[in-house]
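1. here you go, sequence then predicted model.
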Amino acid sequence: MSLIKQLWIGILSLLLLALGGNFVISTLTAKTYLQDQLRLKNIDNANSLALSISQMPDKDPVTLELLITAQFDSGHYEYIIFQDINKQAIVARRFENNNTSSTTENNGNPRVPAWFAKQINFDAAPGIAQIQDGWQQAGTLVVKSHSGYALEALWKNTRDLLEWFLFATLLSGLIGSLILKYISRPLDVVVSQAEAIGERRFIVSEEPKTKEFQRLVRAMNRLSTSVKQMLEKEARQLELLRRESQTDALTGIANRTHFLHLFDAQLTQEEAQEHGVVVIARVMGLQQLNSQLGHHQVDQLLCAIASVFSDITRRYPASYAGRLNGSDFCLLIPTDTPIDIVSADISQQLNFQLIATGHAQIGLPMALCNFQHGDLRADLLHKLDGALAQAEVKGNRAVVIRDNDHPNSVSKNLSQWRDSIEHALTSQQIALVKFPVRNAQGELIHDETAVRLQLDNEQKPAGYFIPWAVRLGIMSNIDLAVLRMALTQLTNMARTAPQAMAINVSAAALCSASFREQALELIAQHTAISQQLWLEFSETCILRHADELRIFTTQLRKFGCHIGLEHVGLEFTRFDKLQEMGLAFLKIDSAIIRNIDSHLSNQAFVQSLCVLGHSIGLTMIAEGVQTDAEQQALFNLGIDAVTGPQVQ
């Protein structure tokens, strides 16, 4: 029961106790007063009538009866009895149809309820007076007035008092509710703050004027601030570890190990673009340059080259730059742009940068080749090494291109791509391939799904059509179809063996208000299985579309959906944003997981990431696990669950 309800029940109980006690006391007091007044009236009437009878010279029964009858008829009496000295009734008049429990009107309806008369038990003592005959006692007169009218007056007074008490109770309840609502507003703030902390959002509230609430809010603010500062400190340490394990200390781009892991992920991940260009450039005569120019100028030269490569990665989505060794730089560019255009673009940018920094004479040969999903990294690097050797022979700025045949997908124009994708969606030629996610005990956490579309007479993975869907602006249609299919499958499984399922939501769909509205409507129609639905967003969503993600996740959590991020770790530097989202899980990118059993720096990074994630209640999942050694190392580092080729 909530505190507000308890306070309200307490106030209502006290109010009813006070008013009820007042009501009972007032009723009993009125009863006692009326009984006393009626008793005094009985005594007065008895004495008055007894005096009249005593003064009569002749006290024969007929005369006494006439006098007593006249007195009885002139007032409201229950009875008048004249008794002799032996207590024998000589004359007695009683109220006919006497009923002490109720009085009647002309229509016969009772004015006083019988239950009230029975509970009150109104009974005034009769008046008793002695009748004298000279110096001797002639008898005793007993007079009792009728109590019906007094009882009726008591009932009316009690009823009026009850009505007023009920009105006062309702009025007090209304006023009390308003006052309690006003007083408890700071409590609502504290409750909201506590709920926010429970959802891993650390907010600071304004302190109220009420001293008790002020202390409580101040304590909550200190708690929120201290936890937030702790997480920020851990995030800064995590960023240092990330830089140490993933980036080149001089240039800030990916180091050799991390770049090669990224390259492997690009060639193997389901949703990665199927083809692109890989580039390698070499600074010729690095040792001689160190001797001629000095280490400082050579370092500036290397940083200038790295900055060109970094600028190029910002122009091509999902591309990466890396430094393989002291003199070799590499670029990984998933793109449909022809390789000769990419080559000309990179050469132009490098030449401009070298001229601007006064190093126009520096030799920087470059080699490029196409890659396609499923290619072997070793074969591609071997091909690049041969091309780079040829470029070195040709001259300082020579470029050698190993242009493989373009995939068939490039031969389609945008209109054909649109027709193919929309046809696959409308004809429901869509499938979900499932990959299990298991914890250390081998228990299934959920099934991770990958979408397939029937294109070019065969089912194609996401990397085949997603770049074109994004370019055409129809990615939200694909995500909506995937969501609809996932909910249908979850509904069917709920009848036999309930099983959680995770689907991916693209950044393009997240930024679409229409998609968010339709997705919420779909989930609202399947609330019985919505808790089995896990929705994954890419890491870039929290970095570039934080507002949209915050709004969407807030709405999704109302249905019990599990919300998380996938491919975490590549540019995860703004961890504070995560605290505001109320996410449930993180999936660490396979580029960080690769060979982690022998990669000490990545182990430190993953372990710190797990500590930070667990501190705010996140389930930590590793992607792309390929060996038993990787899996065992990950569980030792604090990972909660794994997925990948090794997990069956």
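-> Happy to help now that I have it.

2. which strands or helices does the helix or strand hosting Ala508 pack on?
-> Applying DSSP states H and E as the criterion places Ala508 in helix 507-510. Helices and strands touching helix 507-510, by 3 or more C-beta pairs under 8 Å, 6 or more residues apart in numbering; DSSP states H and E, are helix 475-494, strand 533-538, helix 539-544, helix 546-557. Every C-beta, even on glycine, is put in place using the N, C-alpha and C of the backbone.

3. output the third one as PDB - backbone C-alpha positions only.
-> Listed next in PDB are the C-alpha coordinates belonging to helix 539-544 (Å, rounded to 0.1, in the frame of the first residue of the first chain):
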ATOM      1  CA  GLU A 539      25.700   1.900 -30.700                       C
ATOM      2  CA  THR A 540      25.500   4.900 -33.000                       C
ATOM      3  CA  CYS A 541      21.800   5.400 -32.000                       C
ATOM      4  CA  ILE A 542      22.800   6.400 -28.400                       C
ATOM      5  CA  LEU A 543      25.500   8.700 -29.700                       C
ATOM      6  CA  ARG A 544      23.700  10.400 -32.600                       C
END
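
4. show me what counts as buried in it.
-> Of the residues in helix 539-544, 539-542 count as buried by neighbour count, 16 or more other C-beta atoms under 10 Å.

5. how about these in TSV, adding distance to His567 and pLDDT?
-> Output for these, formatted as TSV (distance: C-beta to C-beta, whole Å; pLDDT from 0 to 100):
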residue	distance to His567	pLDDT
Glu539	5	83
Thr540	9	81
Cys541	10	84
Ile542	11	82
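
6. out of those residues, who's nearest Leu174?
-> Taking C-beta to C-beta as the measure, Leu174 lies nearest Ile542 of the buried residues of helix 539-544, at 47.0 Å.

7. would you check that that closest one makes contact with Met581?
-> Yes. If you go by C-beta atoms under 8 Å, Ile542 and Met581 touch, sitting 6.7 Å apart.

8. shared neighbours, the two?
-> Both Ile542 and Met581 are in contact with Leu549, where contact means C-beta atoms under 8 Å, 6 or more residues apart in numbering.

9. where does the protein dip in pLDDT?
-> For the chain, the stretches with pLDDT under 70 are 1-4, 7, 97-110, 198-201, 404-411, 570-580.

10. quick check: domain ranges of it?
-> Domains of the chain are assigned by automatic domain parsing as 3-180, 198-245, 248-409, 412-583.

11. between the ones you listed, which gets nearest to Ser615?
-> Between Ser615 and the domains of the chain, the tightest spacing by C-beta to C-beta is seen for domain 198-245, at 6.7 Å.

12. for this protein, what's the longest strand?
-> The single longest strand within the chain, with elements called by DSSP state E, is strand 444-455.

13. right, and the helix or strand after that one?
-> Next along the chain from strand 444-455, counting by DSSP H and E, comes strand 458-460.

14. could you give me the buried positions within the helix or strand that that next one is followed by?
-> For strand 458-460, the following helix or strand on the C-terminal side (DSSP H and E) is helix 462-472. Buried residues in helix 462-472, counted by 16+ other C-beta under 10 Å: 462-470, 472.

15. what is the burial count for the residue lying closest to Leu455 once chain neighbours are set aside?
-> With C-beta to C-beta, 6 or more residues apart in numbering as the criterion, Leu455 has its nearest non-adjacent residue at 5.3 Å, and that residue is Ser420. Look at Ser420: counted by other C-beta atoms under 10 Å, it has 19 neighbours.

16. which helix or which strand is home to Ser420?
-> Going by DSSP H and E, Ser420 is in helix 414-426.

17. now do that helix: which elements does it pack against?
-> When contacts are defined as 3+ C-beta pairs under 8 Å, 6+ apart, helix 414-426 sits against strand 444-455, helix 462-472, helix 475-494.

18. give me the spatial nearest neighbour of Glu392, chain neighbours excluded.
-> Nearest non-adjacent residue to Glu392, counting by C-beta to C-beta, 6+ apart: Pro365, 4.9 Å away.

19. look up phi and psi at that neighbour.
-> Note on Pro365: its backbone torsions stand at phi -70, psi 160 [degrees, to the nearest 10].

20. is it possible to get CSV of the domains of the chain that adds distance to Val190?
-> As requested, these are exported to CSV (distance: least, C-beta to C-beta, whole Å):
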stretch, distance to Val190
domain 3-180, 10
domain 198-245, 6
domain 248-409, 43
domain 412-583, 19
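
21. to Ser608, which of the ones you listed lies closest?
-> domain 198-245 (4.9 Å).

22. and the closest one, how far from the chain's centre?
-> Taking C-alpha atoms, centre = their mean, to the nearest Å, the mean C-alpha location of domain 198-245 is offset from the chain mean by 18 Å.

23. can you pull up the most central residue in this protein?
-> Central residue of the chain (C-alpha atoms, centre = their mean): Arg557, 5.1 Å from the mean position.

24. I'd like to know how far it sits from Ile523.
-> Counting by C-beta to C-beta, to the nearest Å, the separation of Arg557 from Ile523 is 11 Å.

25. one step back: what would the helices and strands packed on helix 414-426 look like in a markdown table with distance to Gly139?
-> Listed next are the helices and strands packed on helix 414-426 as a markdown table, based on distance: least, C-beta to C-beta, whole Å:
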| stretch | distance to Gly139 |
| --- | --- |
| strand 444-455 | 105 |
| helix 462-472 | 119 |
| helix 475-494 | 97 |
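
26. so which residues of the stretch 301-450 of the chain form strands?
-> 320-323, 328-334, 366-372, 399-402, 430-439, 444-455 (DSSP state E, counting those that start in this stretch).

27. show the contacting residues for Val142.
-> By C-beta under 8 Å, 6+ apart, the contact list for Val142 reads 46, 79-81, 83, 126-128.

28. can I get the residues you listed in JSON lines with neighbour count, secondary structure and distance to Lys31?
-> Below are the contacts of Val142 laid out as JSON lines (neighbours: other C-beta atoms under 10 Å; DSSP: H, G, I helix; E, B strand; the rest coil; distance: C-beta to C-beta, whole Å):
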{"residue": "Ala46", "neighbour count": "22", "secondary structure": "helix", "distance to Lys31": "22"}
{"residue": "Tyr79", "neighbour count": "16", "secondary structure": "strand", "distance to Lys31": "21"}
{"residue": "Ile80", "neighbour count": "26", "secondary structure": "strand", "distance to Lys31": "24"}
{"residue": "Ile81", "neighbour count": "20", "secondary structure": "strand", "distance to Lys31": "25"}
{"residue": "Gln83", "neighbour count": "17", "secondary structure": "strand", "distance to Lys31": "29"}
{"residue": "Pro126", "neighbour count": "21", "secondary structure": "coil", "distance to Lys31": "17"}
{"residue": "Gly127", "neighbour count": "24", "secondary structure": "strand", "distance to Lys31": "19"}
{"residue": "Ile128", "neighbour count": "17", "secondary structure": "strand", "distance to Lys31": "22"}
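
29. what about Leu250, how many residues nearby?
-> 13.

30. doesn't it lie inside a helix?
-> No. Leu250: not assigned to a helix; according to DSSP: H, G, I helix; E, B strand; the rest coil it is coil.

31. residues contacting it?
-> Neighbour list for Leu250: 299, 302-303, 306, 323 [criterion: C-beta under 8 Å, 6+ apart].
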